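Trainee: structure, please.
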Amino acid sequence: MPVLPSWLTEPLWDQFAALLPSRPVFDPAHPLGCHRRRISDRTVFGKLLQALRFGCSYQAIADATCSATTIRARRDEWIRLGIFAQLKQIALDAYDRIVGLVLDQIAIDGTITKAPGGGEAAGRSPVDRGKQGMKRSGMTDGYGIPLGRILAGANRHDSPLLAPTLDLLEELGPLPDEITVHLDAGYDSTTTRTLLNERGLHGQIARKGIKAPIQATQRWHIERTHAWQNAFHRLTRCYERRATVIDAFFDLADTVITLRSLIRRAWATHRWDTRPQRRR
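Mentor: Model (predicted):
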């Protein structure tokens with residue numbers, strides 16, 4: 001059973017491979033002038049997709065083609081080179097160019113997931129009997145395309161994470177003159193409204209104590225994106241301890257989500273050689 005369908009993994013790998021530096025098949029620094037053949041980047045990339053999708057350990061997916069040590073070493077190398085962040089940005093730019101990001105409507109919300117291994121982005125979870133958990137404050141456009149996230153311990157409130165999450169807008173380039181930020185009742189405070197006014201943003205904030213269906217606003221897009229991200233078990237139950245590694249897996253997951261949405265929405269308006277036979 002493939003981790004992801006080929007119509008999704010092949011263009012993903014093609015762009016990822018274009019960002020990788022060239023490496024010799026054999027190590028030229030070996031004293032005898034020979035060495036074991038370097039494990040192909042394509043093999044390691046497939047292993048990382050397995051870890052992301054199924055949440056299994058590196059030892060569980062290691063086999064004769066690639067060891068767990070190689071997976072970790074190549075992962076850290078790609079993180080140092082910023083490959084995952086570049087891949088996510090390229091996917092966003094492609095989506096914006098072909099479909100168009102809805103940046104005048106922004107949705108922000110936090111969600112808590114498990115972090116049994118603890119680490120830099122973990123804290124006592126208030127919804128899981130004080131076990132280690134992680135909170136992410138995510139931001140999406142008006143359709144639900146993930147624009148970025150801030151990682152924190154599960155014991156952090158959503159409201160203090162709003163400012164650093166909004167700072168991610170600066171990385172998106174030119175923005176519309178008027179932007180509406182959709183928030184749930186957890187952000188219903190004078191502090192939040194003051195923060196939005198200082199940044200020239202409009203707030204659509206649910207009121208505390210007033211029950212209303214989530215469909216009444218455009219906040220449901222962020223809820224759907226959280227569900228998309230939680231389909232990657234590496235993010236739902238995170239054993240990684242370093243925030244840089246967690247961010248790398250999030251960037252890879254966000255790239256998959258963006259590319260999948262791009263193919264789905266462009267299916268009816270564009271034609272290309274590897275276009276799926278039917279809309280996915």
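Trainee: where do the strands of the stretch 151-280 of the chain begin and end?
Mentor: Along the stretch 151-280 of the chain, counting by DSSP state E, counting those that start in this stretch, strands occupy 180-183, 202-205.
Trainee: which elements pack onto the last one?
Mentor: So the one you mean is strand 202-205. Contacts of strand 202-205 with other secondary structure elements, assessed using 3 or more C-beta pairs under 8 Å, 6 or more residues apart in numbering; DSSP states H and E, are made with strand 180-183, helix 190-198. Using the backbone N, CA and C atoms, a C-beta is placed for each residue, glycine as well.
Trainee: packing partners for the helix ranked longest in the chain?
Mentor: Counting residues, the longest helix found in the chain (DSSP state H) is helix 243-266. With contacts defined as 3+ C-beta pairs under 8 Å, 6+ apart, the secondary structure elements packing on helix 243-266 are helix 6-19, helix 41-54, helix 68-80, helix 83-98, strand 146-153, helix 220-230, helix 233-236.
Trainee: buried sites along that helix?
Mentor: Of the residues in helix 243-266, 245-263, 265-266 count as buried by neighbour count, 16 or more other C-beta atoms under 10 Å.
Trainee: with just CA atoms, put it into PDB.
Mentor: Taking only C-alpha atoms (Å, rounded to 0.1, in the frame of the first residue of the first chain), the coordinates of helix 243-266 have been written out as PDB:
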ATOM      1  CA  ALA A 243      11.300  22.000  17.500                       C
ATOM      2  CA  THR A 244      13.300  22.300  14.200                       C
ATOM      3  CA  VAL A 245      12.500  18.700  13.400                       C
ATOM      4  CA  ILE A 246       8.800  19.100  14.200                       C
ATOM      5  CA  ASP A 247       8.700  22.200  12.000                       C
ATOM      6  CA  ALA A 248      10.300  20.300   9.200                       C
ATOM      7  CA  PHE A 249       7.600  17.600   9.400                       C
ATOM      8  CA  PHE A 250       4.900  20.300   9.500                       C
ATOM      9  CA  ASP A 251       6.400  22.000   6.500                       C
ATOM     10  CA  LEU A 252       6.300  18.600   4.600                       C
ATOM     11  CA  ALA A 253       2.700  18.000   5.700                       C
ATOM     12  CA  ASP A 254       1.600  21.500   4.700                       C
ATOM     13  CA  THR A 255       3.300  21.000   1.300                       C
ATOM     14  CA  VAL A 256       1.300  17.800   0.700                       C
ATOM     15  CA  ILE A 257      -1.900  19.500   1.700                       C
ATOM     16  CA  THR A 258      -1.200  22.500  -0.500                       C
ATOM     17  CA  LEU A 259      -0.200  20.400  -3.500                       C
ATOM     18  CA  ARG A 260      -3.200  18.100  -3.100                       C
ATOM     19  CA  SER A 261      -5.600  21.200  -3.000                       C
ATOM     20  CA  LEU A 262      -3.800  22.700  -6.000                       C
ATOM     21  CA  ILE A 263      -4.200  19.500  -8.100                       C
ATOM     22  CA  ARG A 264      -7.800  19.100  -7.000                       C
ATOM     23  CA  ARG A 265      -8.800  22.700  -7.800                       C
ATOM     24  CA  ALA A 266      -6.800  23.000 -11.000                       C
END
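Trainee: go ahead and measure how far it is from the middle of the chain.
Mentor: Averaging C-alpha coordinates over helix 243-266 and over its chain gives two centres that are 5 Å apart (C-alpha atoms, centre = their mean, to the nearest Å).
Trainee: same check on stretch 252-272?
Mentor: When C-alpha coordinates are averaged (C-alpha atoms, centre = their mean), stretch 252-272 and its chain have centres 15 Å apart.
Trainee: quick one: mean pLDDT for it?
Mentor: Averaged over stretch 252-272, pLDDT sits at 89.
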